[in-house]
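1. Sequence plus the predicted model coming up.
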Amino acid sequence: MCRRYSGASPRRLVLLAVAAALMVGGWAGAGPLVAANQAKETPSLQRSGLQRKQISLKEFRGKVVLLNFWATWCPYCRKESPHLVDLHSRLGGQGRQVIGAALNWKFNSRSPNDPALFMQQVSGFQLEHGLNYPVALVKKDMGKILHRFGDSVGIPYTVLIDREGRVRRTFHGVPDPDTLEKSVRTLL
């Protein structure tokens, strides 16, 4: 699992990412499926997408949503993207929606504050991996946003949201595709 950017030098981040990969090996931790009456309301998220259209979680109310936080440089994010594409293709017409939230980590950019470069990197990732779902661009306040959604470990991080907009389950790392699909089907 990739850790969040902590202000360390790019070289130190590479070493941390390698160490995390060796120690964790793509481990995925999943919280239990929370009962509807105990689930928390999903925080709001509204960001510009790749086509400059606003993407808001509110517009997907009434659907089961998988909100996936990722970054272009994260090897585990690359590993899980085919599963999300496949899941969206197979279940998208059944009231389910995958939404990507691409994070603008400074680690993968010589010019971290360059929005055009960030869009170019995310667009390239979308084409390379065939992402068939909307991708929101999280250009700033990444740590605050992840914290609001309950993450304290790193990326990839996926939040399962029910039709009423409640967080029902979270996944750290790359979840087992069968476990992810079963969780989604439970809420359909």
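-> Received, thanks. Everything numeric here is computed off the predicted structure, so don't read it as measured data.

2. Can you pull the phi/psi pair for the closest residue to Y133 other than its chain neighbours?
-> Closest residue to Y133 apart from its sequence neighbours, by C-beta to C-beta, 6 or more residues apart in numbering: V98 at 4.0 Å. All C-beta spots, glycine's among them, are computed from the backbone N, C-alpha and C. As for V98, its main-chain torsions (degrees, to the nearest 10) stand at phi -90, psi 140.

3. roughly how far apart are V98 and W70?
-> According to C-beta to C-beta, to the nearest Å, V98 and W70 sit 11 Å apart.

4. just to revisit the earlier point, what's near enough to touch the residue nearest to Y133?
-> Residues near V98 by C-beta atoms under 8 Å, 6 or more residues apart in numbering: 65-66, 68, 84, 87-88, 92, 133.

5. Can you show me the helices along the protein?
-> Taking DSSP state H to define them, one finds helices in the chain at 10-24, 75-91, 115-129, 142-148, 177-187.

6. Quote the end-to-end distance of stretch 54-62.
-> 18 Å (C-alpha to C-alpha, to the nearest Å).

7. Please compute how far it lies from its chain's middle.
-> In terms of C-alpha atoms, centre = their mean, to the nearest Å, the centre of stretch 54-62 is set 15 Å apart from its chain centre.

8. Dihedrals phi and psi, A39?
-> Per-residue torsions, A39: phi -80, psi 150 (degrees, to the nearest 10).

9. Need the pLDDT of the nearest residue to K79 once chain neighbours are set aside.
-> Using C-beta to C-beta, 6+ apart and skipping residues adjacent in sequence, the residue nearest K79 is V174, 5.3 Å away. Note on V174: pLDDT of 95.

10. Next, count neighbours for V174.
-> 21 (other C-beta atoms under 10 Å).

11. Pick the most buried one from the helices of the chain.
-> helix 75-91 (a mean of 18; mean count of other C-beta atoms under 10 Å).

12. mean confidence for that one?
-> 95.

13. what does that helix contact?
-> With C-beta under 8 Å, 6+ apart, helix 75-91 has contacts from 1-2, 17, 21, 26, 66, 68, 70-71, 96-98, 100, 129-133, 155-156, 173-175, 177, 180-181, 184-185, 188.

14. Just give me how far it sits from the chain centre.
-> With C-alpha atoms, centre = their mean, you get 11 Å for helix 75-91.

15. Report the angle between it and helix 115-129.
-> 60 degrees (axes from the mean of the first three to the mean of the last three C-alpha atoms, to 10 degrees).

16. Just the CA trace of helix 75-91, in CSV.
-> Provided in CSV are the C-alpha atoms of helix 75-91 (Å, rounded to 0.1, in the frame of the first residue of the first chain):
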residue,chain,number,x,y,z
PRO,A,75,1.9,0.6,-8.1
TYR,A,76,-1.1,-0.8,-6.1
CYS,A,77,-3.4,1.6,-7.7
ARG,A,78,-2.3,0.3,-11.1
LYS,A,79,-2.8,-3.2,-9.9
GLU,A,80,-6.4,-2.6,-8.7
SER,A,81,-7.6,-0.5,-11.7
PRO,A,82,-8.5,-3.4,-14.0
HIS,A,83,-10.7,-4.9,-11.3
LEU,A,84,-12.6,-1.6,-10.9
VAL,A,85,-13.0,-1.2,-14.7
ASP,A,86,-14.4,-4.8,-14.9
LEU,A,87,-16.7,-4.3,-11.9
HIS,A,88,-18.1,-1.1,-13.4
SER,A,89,-18.6,-2.7,-16.8
ARG,A,90,-20.5,-5.7,-15.3
LEU,A,91,-22.6,-4.0,-12.6
